[in-house]
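Student: The sequence and its predicted three-dimensional model are supplied below.
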Amino acid sequence: MDSETRAVSARTGADSARVRQIRALRLRIDSELSGNAPRPRLFAAVGDSIVTVRDTSAWPEETDVSFAVLEVAGGKVRFASESPTSRSGDWFVLDSYYFDEGGRTVLVRRFQSSFQTTCDDAPVKEITDSYYGPDLQLLQRDYRLTNAHEVRVEPQQCRPYIQDDPRLPRTWEGFAQVTGLARFFRRP
């Protein structure tokens, strides 16, 4: 994703209205995630297998990718996240996926922090929120890059080295299939 396409404004009033609805959905889900119930289910990719993780203090030492999945009443999944493990500790990436009532992806949020940048190893934090319509068309993308003091930084001045995009599953089921989590969830 080059710097010209990092932020993308909504093209129509209908797109803006839909983005507002998705933001409200994200706030509700984030509120559930920070509460006590329901708690997200945790999983770890270790080598070629996926294992369940009892709680956040029990991650296997050789975890390659950690996953969290929020399942709500009726067995519907509304949120999933994945975070690859940085063995060096130089970076952190968390990709969060928000799903609508029908299980379609409506928001992908990437949070990334890294010492590996083009600004003399000064740490930066990058947050990208990509909002999607029912056919996975991009409605809007919000982008923010800050330094360790929360001061905005221009991408041309200080760019993280990790430049790959998060995966873009059409649905929760698609995400579950590609990550290997599907076997842990029954179909509603």
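Tutor: Arrived safely. Numbers count the residues shown, from 1 in each chain.
Student: can you map out the helices along the protein?
Tutor: For the chain, the helices defined by DSSP state H occupy 13-34, 172-179.
Student: Comparing the ones you listed, which stretch has the densest surroundings?
Tutor: Mean neighbours per residue, mean count of other Cβ atoms under 10 Å, is largest over the helices of the chain for helix 172-179, with a mean of 18. Placement of C-beta: from N, CA and C, glycine included.
Student: Quick one: mean pLDDT for it?
Tutor: Mean pLDDT, helix 172-179: 96.
Student: who touches that helix?
Tutor: Contact partners of helix 172-179, identified using Cβ atoms under 8 Å, 6 or more residues apart in numbering, comprise 45, 50, 65, 67, 77, 80, 82, 97, 99, 103, 105, 167, 169, 181-182, 185, 187.
Student: Just the buried ones among the residues you listed, please.
Tutor: Among those, those buried by neighbour count (16 or more other Cβ atoms under 10 Å) are 45, 50, 65, 67, 77, 80, 82, 97, 99, 103, 105, 169, 181-182.
Student: What's the local residue count around E154?
Tutor: Number of residues near E154 (other Cβ atoms under 10 Å) recorded here: 9.
Student: do T52 as well
Tutor: Neighbour count of T52, defined by other Cβ under 10 Å: 10.
Student: Give me the distance between it and F184.
Tutor: 7 Å (Cβ to Cβ, to the nearest Å).
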